[in-house]
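Asker: mind looking at a prediction? Sequence and model below.
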Amino acid sequence: MKITAARVIVCCPGRNFVTLKLETDQGLTGVGDATLNGRELAVASYLQDHVIPCLIGRDPQQIEDIWQYLYKGAYWRRGPVTMSAIAAVDTALWDIKAKSAGLPLYQLLGGRSRTGVMAYGHATGRDIDETVDEVLRHQHAGYRAIRAQSGVPGLVKVYGVSTTGRMYEPADNTLPSEHDWDTALYLRHTPRLFEAVRLAVGDETHLLHDVHHRLTPLEAAQLGKSLEPYGLFWMEDPTPAENQEAFRLIRQHTTTPLAVGEVFNSIWDCKQLIEEQLIDYIRTTVTHAGGITHLRRIADLAALYQVRTGSHGATDLSPVCMGAALHFDTWVPNFGVQEYMPHSQEMLSVFPHDWRFDNGMLYCGETPGHGVDIDERLAARYPYQRAYLPVNRLRHDGSLHSW
Ligand code: EZ4
Ligand code: CO
């Protein structure tokens, strides 16, 4: 078999997506997601200008060799742009291999380990009451795991909270919008939020919270400790995790489980966190961490240390990523949970797919491949629109803080 053509499709059906489609001389095609929120065109160019010329004529069955060729062959290793581009190729190649075998992708990975994939949904509100209502709405919709975020009194714009009344989309402006931040206000508010949420939902529902890289290790330790009475499933991204050792301090002070990794792109970013058992969940995704081939290496390392998966699944990961992720989740032995932020109908219509959500669970389909395609004619009706993630500034003096 040979790769005969490859196309990068950039479209914006409500938000930007970068998709790679590979064609072969046997008529089989494969699709991969390469969306890197706010930096989409860098990955599109990496694929178009540097990767595609090396793919034409290659045997798409040699997934491992092509992965090594693109990784080692670049000489410049890792990084989100490179690893998202490699991921798109890898995902498309697994799609082709599974189609040529006539099997759903999870069968190639080792088969089914579970009946379905537990999803967690996002409950967000402008204040505690609104967030509690949203948590209850998710509970009634069948979610067994719910992430709760709320506005903080005194702060105007906060991560996760929609200001438009529409679905929250973080890349909300043609130039970065500005959020404001005050750690002391947040640290006082968050335990109050979870006290109210836990009281309303009862003991059974898993509760999650995303700190979004905003605290120092000591502040994270304080927050983790103050949330212990509410039995969280996880506290996510408590500090910027370039400094993996920092988690030793957090770990020494709290038994609140920790989840990290949505911004990681390789096994090296989480090696120490996993080997020293400093985290409980690893949140790397198919799209940003080098595809199925590399994500499997991360999950296998994590399994040695009882670290489970909890893949990133925000709307900036396309329905293609979700399809591939659900096949991965259906197989991976050390599965934890899958993030799920529903795409709009407009977004879903561009990506015909066979995965589905039902009563708090996600299910991959049974069609050969990963079960997701792109409708290129429809995609062409939604041209790229520049969009940035926000920046965060300290409320009292405007210093730039992690968003
Ligand atoms: O802010 O995907 O847990 N989910 C998240 C996301 C990220 C966005 C950034 O593009 O933190 O909402
Ligand atoms: Co997050």
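Answerer: Cool, got the structure. Ligands and ions are numbered 1, 2, ... in the order given.

Asker: now do whichever residue of the stretch 151-300 of the chain sits closest to ligand 2, the pLDDT please.
Answerer: Relative to ligand 2, the nearest point of the stretch 151-300 of the chain is Asp210 (4.3 Å; C-beta to the ion). Where you see a C-beta, it was placed from the backbone N, CA and C, and this is true even at glycine. Model confidence at Asp210, given as pLDDT, is 98.

Asker: is the residue nearest to it when sequence neighbours are not counted bridged to anything, and to what?
Answerer: The shortest distance from Asp210 to any non-neighbouring residue, by C-beta to C-beta, 6 or more residues apart in numbering, is to Glu236 (4.3 Å). Listed by DSSP bridges, the beta-bridge partners for Glu236 are Asp210, Ala259.

Asker: neighbours of Glu236, how many?
Answerer: For Glu236, the neighbour count with other C-beta atoms under 10 Å is 24.

Asker: so the residue of the stretch 151-300 of the chain closest to ligand 2 touches Val161, yeah?
Answerer: No: contact status for Asp210 versus Val161: not in contact, 11.7 Å apart, counting by C-beta atoms under 8 Å.

Asker: shared neighbours, those two?
Answerer: Overlap of the contact sets of Asp210 and Val161 (by C-beta atoms under 8 Å, 6 or more residues apart in numbering) consists of Gln149.

Asker: in the stretch 1-150 of the chain, which spans are helices?
Answerer: In the stretch 1-150 of the chain, the segments counted as helices under DSSP state H, counting those that start in this stretch are 40-45, 52-55, 63-73, 80-101, 105-109, 128-140.

Asker: which residues sit in contact with Leu278?
Answerer: The contact partners of Leu278, taken as C-beta under 8 Å, 6+ apart, are 244, 247-248, 250-251, 258, 272.

Asker: redo that, cut-off 10 Å
Answerer: Taking C-beta atoms under 10 Å, 6 or more residues apart in numbering as the criterion, Leu278 is in contact with 241, 244-251, 258, 260, 270, 272, 305, 307.

Asker: ok, the residues you listed vs ligand 1, which is closest?
Answerer: The shortest gap between ligand 1 and any of these belongs to Val260, at 10.8 Å (C-beta to the nearest ligand atom).

Asker: for the closest one, the count of nearby residues, please.
Answerer: 29.

Asker: how about Glu23?
Answerer: Residues near Glu23, counting by other C-beta under 10 Å, number 19.

Asker: excluding chain neighbours, what is closest to it?
Answerer: Nearest in space to Glu23, with sequence neighbours left out and distances taken as C-beta to C-beta, 6+ apart, is Ala5 at 4.2 Å.

Asker: that older thread, wait, the residue of the stretch 151-300 of the chain closest to ligand 2 touches Arg147, no?
Answerer: Yes: in this structure, Asp210 is within contact of Arg147 by C-beta atoms under 10 Å, at 6.3 Å.

Asker: these two - which one has more neighbours?
Answerer: Counting neighbours by other C-beta under 10 Å for Asp210 and for Arg147 shows that Arg147 has the greater number, 25 against 21.

Asker: thought Tyr120 was touching the more buried one, still the case?
Answerer: Yes: under the criterion of C-beta under 10 Å, Arg147 lies in contact with Tyr120, with a separation of 5.5 Å.

Asker: give me the common contacts of those two.
Answerer: Here Arg147 and Tyr120 share the contacting residues 138, 206-208, 233-234, 337, 339-341, scored by C-beta under 10 Å, 6+ apart.

Asker: okay but Asn265 is in contact with Arg283, surely?
Answerer: No: with contact taken as C-beta under 10 Å, Asn265 and Arg283 are classed as non-touching, separated by 12.0 Å.

Asker: what residues are shared contacts of the two?
Answerer: Listed as contacting both Asn265 and Arg283 by C-beta under 10 Å, 6+ apart are Ala289.
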